[in-house]
Structures are given as structure tokens and as C-alpha cells.
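Q: output the structure for:
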Amino acid sequence: MGEEAAETKQEAIAATMKAVRFHEYGGPEVLSYEEAPKPALNIGEALVKVKAASINHIDFWVQKGSYYKAGLPHIPGSDAAGVVEEVKDSDSSLVGRKVMVYPTLACFHCKYCIEGSHNLCTSYHTLGAHVDGSYAEYIAVPVKNLLGIPGRLKFEEAAALPLTFTTAYHMLIDRAKAQPGETVLVLGAGAGVGAAAIQIASFLGAKVIATSSTEEKLRKAQRIGAERTINYTEDNWTDEVMLATKNRGVDVVIDPVGAETFAKSIRCLAKNGRLVSCGVTAGSEATINIRELFMAQRSILGSIGGTLKDFLAVNKLAAEGEIKPVIDSVYRLKDARKAQERLLSRESFGKIVLVP
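A: The predicted model follows:
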């Protein structure tokens with residue numbers, strides 16, 4: 001091979017990376033570990049070498065094409081931690097820094113962004129949903145979305161922090177306005193948002209009741225801050241909640257589940273209680289008794305992601321050791337299909353992480 005041909009081949013190799021993509025909509029079976037173009041940078045963006053990426057339920061919605069219609073082929077993944085390799089027309093001192101990524105891609109200049117509600121941005125996008133994500137060796141993200149990793153966190157932990165902890169923080173602090181001494185019911189303690197909400201509510205000084213499907217998961221929930229645990233596979237789990245609160249009910253319900261639990265969540269609320277919903281992993285349409293809602297002045301609050309301020313607050317709590325991501329398991333990037341299958345099995349507790 002001539003020198004010129006060898007250089008051309010090296011340039012071609014340098015322009016590609018290993019990534020997990022899907023070329024058609026479906027479940028974990030559509031994922032393919034393959035060569036993909038390395039992302040090109042726009043002005044104000046950084047090229048991050050991904051050291052760890054975590055899996056979220058949003059990945060499945062993207063792959064199914066049921067809500068997010070990503071162009072094909074597409075790289076999923078909303079959470080990432082890594083090292084900055086290059087920046088374009090921005091602060092070059094960022095090169096070499098260990099960073100994690102704020103997954104909400106906002107314009108930072110619309111009415112909502114100016115108010116600090118980046119998760120309501122008029123051009124709201126999510127990494128891995130509307131643009132290629134973190135199931136890859138490299139990602140390109142705006143420099144504004146990068147934050148240094150607290151020294152006490154490993155890459156795997158940093159990748160498990162942004163989406164779920166920022167979401168849980170926004171639900172508890174911004175939406176529910178949870179207070180010390182209140183009782184918070186967290187549904188699905190084994191899920192990423194659930195495990196994060198337990199820790200944040202506990203840090204606030206709230207009494208936490210958590211539900212999950214197995215005794216092992218319930219024990220783990222207690223270890224991260226739940227004072228009372230309930231197995232939701234029992235038909236009378238709502239009765240157990242009322243028993244635990246002496247029939248008063250809880251002040252806040254954190255519900256990432258959806259239709260399967262929605263009506264029951266409302267019945268678990270005390271007077272002036274707040275139900276915060278952030279997901280529909282078990283259905284998006286629910287029937288409720290409206291009388292149960294207004295007679296006790298209960299509130300239903302929607303919540304999507306979190307603001308940049310929330311992300312910074314979560315980072316600070318992690319740096320101070322007040323919260324810590326719970327890692328269920330770590331898989332190689334090439335085994336992303338197996339990793340997703342584990343999440344769908346509902347056997348995991350905490351985050352499932354991918355590494356190169």
C-alpha cells in the first residue's frame with residue numbers, strides 16, 4: 001500500500017467510531033454494534049470521549065418510535081460521562097477535563113430558558129432522543145451542557161447521575177415543594193428515578209415510604225433511606241400505605257409508573273397532597289375518581305426532566321457525598337442489547353451502565 005493510500009485509510013478510520021445504533025424501530029433486538037461516523041462539531045460544541053453511559057426508559061421509547069421519532073439510523077442514550085477531546089470555537093481549557101452531560105438540549109434564550117425552565121424550552125431536545133446519544137465512543141454536545149465530575153465519583157457513577165437524579169430533584173423540589181417532616185411515597189424503588197428520589201427525599205428530612213416488587217429490592221431501598229417499604233405485588237399495597245400513615249395518607253407521591261398506579265396513587269394522598277408524575281412505563285391513559293381529587297384538595301403535577309439549576313444542585317449534593325448513584329450492573333457497549341434486556345426484566349435495582 002502506498003504512503004498516500006495509507007494516509008487516506010487512517011483518515012477514514014479516524015472519522016469513524018464504534019456505536020450502538022438501530023436501523024428500524026423495535027425493542028433491544030434492533031440494536032446493532034457497528035461502525036458509525038464520528039460526530040462533527042458545530043460552533044460552541046465539545047467532542048467528548050465517552051467513558052460510561054447509562055440506560056434509561058426513554059431509550060426504549062426512542063427505539064419504538066412511539067413518541068420520539070428519531071431519524072434512522074439512530075444512536076440512543078441520554079446519559080454520559082467522559083473526557084473532553086476537542087472544542088470548537090470555545091474554551092480550549094476544557095480539553096482533557098472529566099465531565100458529565102446535562103441531557104436537556106435547550107436554546108438558552110427563549111422565554112422559558114430565561115426564566116430558568118430549560119426543560120420547557122420552546123426548542124426542547126433530549127440527548128439520545130432527538131439527536132444521536134451516548135451509546136457510542138464519542139458524542140458532540142454543547143459546551144453549556146458540560147459539568148465537571150465531582151472528584152469522589154467514578155465515570156460509571158457520573159453517567160448514572162444526570163437524568164434520573166435531576167428528574168427526581170425537579171419532582172421533589174420544584175414541583176412538589178417537599179418539606180422536612182413530610183411523608184413521601186416513592187413508587188418503583190428499584191428504578192433509577194425511584195432510587196434517586198429516595199435519597200433526595202431522605203436528604204430533605206422527609207419520611208420515605210418506598211414500594212418495589214421483591215424483598216431484596218425492599219431491603220436495598222431501606223439501605224438508601226426508605227423508612228418503610230411495601231411490596232406492590234400485593235393487592236392491598238394502598239392499604240399498607242394508609243396503615244403506615246395511620247390513615248392520614250402521604251404528602252407527596254413520586255410516580256414514574258403511569259396508568260397502572262395512577263388512581264391508587266391519588267387515593268394514597270393526604271389532604272393537600274401532591275402527586276407528581278414523570279413517566280408512563282406502565283401505560284399513558286388512566287381513569288381517576290375526580291371527587292377524590294377535589295374533596296381533599298389534592299394536586300396532580302406533571303414533571304419533565306429538570307432544569308440546569310437542578311443539575312447543578314444534584315452535582316453539588318454528589319460532591320458533598322449526600323447522594324450517590326446506585327449501580328446495578330455494568331456492561332460493555334457491545335452488549336447493550338443484554339443490558340437493555342436486564343432493565344426490561346425488572347430484576348435490576350438502580351442504574352445499568354455501559355462502558356467502552
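
Q: where do the helices sit along the stretch 151-300 of the chain?
A: 155-159, 162-169, 192-204, 215-223, 237-244, 262-267, 290-294 (DSSP state H, counting those that start in this stretch).

Q: residues contacting Asp335?
A: Leu354 (CB atoms under 8 Å, 6 or more residues apart in numbering). (C-beta placed from N, C-alpha, C; glycine too.)

Q: Lys111: which of the helices of the stretch 151-300 of the chain is closest?
A: helix 162-169 (21.3 Å; CB to CB).

Q: now that closest one against helix 192-204, angle please.
A: 50 degrees (axes from the mean of the first three to the mean of the last three CA atoms, to 10 degrees).

Q: can you show me the CA trace of helix 162-169 as CSV?
A: Taking Å, rounded to 0.1, in the frame of the first residue of the first chain, the C-alpha atoms of helix 162-169 are listed here in CSV:
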residue,chain,number,x,y,z
PRO,A,162,-27.8,13.3,35.3
LEU,A,163,-31.2,12.2,34.0
THR,A,164,-32.6,10.3,37.0
PHE,A,165,-31.3,12.5,39.8
THR,A,166,-32.1,15.7,38.0
THR,A,167,-35.6,14.4,37.3
ALA,A,168,-36.2,13.3,40.9
TYR,A,169,-34.8,16.6,42.2
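
Q: contacting residues around it?
A: With CB under 8 Å, 6+ apart, helix 162-169 has contacts from 54, 56, 58, 78-79, 100-103, 191-193, 195-197, 200, 254, 278, 303, 305-307, 310-311, 313-314, 318, 323, 325, 351.

Q: can you select the buried ones among the residues you listed for me in ChimeraX?
A: Burial among those is assessed by 16 or more other CB atoms under 10 Å; the matching ChimeraX selection reads:
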select :54,56,58,78,79,100,101,102,103,191,192,193,195,196,197,200,254,278,303,305,306,307,310,311,313,314,318,323,325,351
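
Q: keep only those of the contacts of helix 162-169 that are in strands.
A: Of the positions in these, Ser54, Asp79, Met100, Val101, Ile254, Lys351 sit in strands, assigned by DSSP state E.

Q: give me the beta-bridge partners of the fifth one?
A: Partner residues in beta bridges with Ile254, using DSSP bridges, are Val186, Val276.

Q: just the fourth one next, same as before
A: Per DSSP bridges, residues listed as beta-bridge partners of Val101: Leu146.

Q: wait, it sits on Asp79?
A: Yes - the pair Val101 / Asp79 is scored as a contact, 7.2 Å apart, by CB atoms under 8 Å.

Q: residues shared between the contacts of the two?
A: Ser134, Pro162.

Q: list the buried ones in stretch 221-234?
A: Ala221, Gln222, Ile224, Gly225, Ala226, Arg228, Thr229, Ile230, Tyr232.

Q: pull the CA atoms of that stretch into CSV?
A: Extracted C-alpha coordinates of stretch 221-234, given in CSV (Å, rounded to 0.1, in the frame of the first residue of the first chain):
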residue,chain,number,x,y,z
ALA,A,221,-34.4,0.6,49.4
GLN,A,222,-34.0,0.7,53.2
ARG,A,223,-30.3,0.9,52.9
ILE,A,224,-30.5,4.1,50.8
GLY,A,225,-33.0,5.9,53.0
ALA,A,226,-36.5,4.4,52.9
GLU,A,227,-38.0,4.2,56.4
ARG,A,228,-40.9,1.9,55.4
THR,A,229,-41.1,-0.4,52.4
ILE,A,230,-44.1,-2.1,50.8
ASN,A,231,-44.3,-4.9,48.2
TYR,A,232,-46.5,-3.5,45.4
THR,A,233,-47.2,-7.0,44.1
GLU,A,234,-49.6,-7.4,47.0
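
Q: pLDDT averaged over that stretch - what is it?
A: The average pLDDT for stretch 221-234 rounds to 94.

Q: now find how far off-centre that stretch is within its chain.
A: Taking CA atoms, centre = their mean, to the nearest Å, one finds stretch 221-234 lying 21 Å from the centre of the chain it belongs to.

Q: what's next to that stretch, contact-wise?
A: Residues contacting stretch 221-234 (CB under 8 Å, 6+ apart): 186-190, 194-195, 198-199, 201-203, 207-215, 218-219, 237, 240-241, 244, 261, 326.

Q: so the strand or helix carrying Lys338 versus helix 192-204, what angle?
A: Using DSSP states H and E, Lys338 maps to helix 336-345. Interaxial angle of helix 336-345 relative to helix 192-204 (the same axes, to 10 degrees): 60 degrees.

Q: and helix 336-345, what's buried?
A: Ala336, Arg337, Ala339, Gln340, Arg342, Leu343.

Q: what's it packed up against?
A: Here helix 336-345 touches strand 31-37, helix 57-64, strand 327-332, strand 351-355, going by 3 or more CB pairs under 8 Å, 6 or more residues apart in numbering; DSSP states H and E.

Q: what comes up buried for the shortest one?
A: By that I understand strand 351-355. Neighbour-count burial for strand 351-355 [16+ other CB under 10 Å]: Lys351, Ile352, Val353, Leu354.

Q: ok so, going back, of the buried residues of stretch 221-234, closest to Pro150?
A: Distances from Pro150 to the buried residues of stretch 221-234, taken by CB to CB, are shortest for Ile224, at 18.0 Å.
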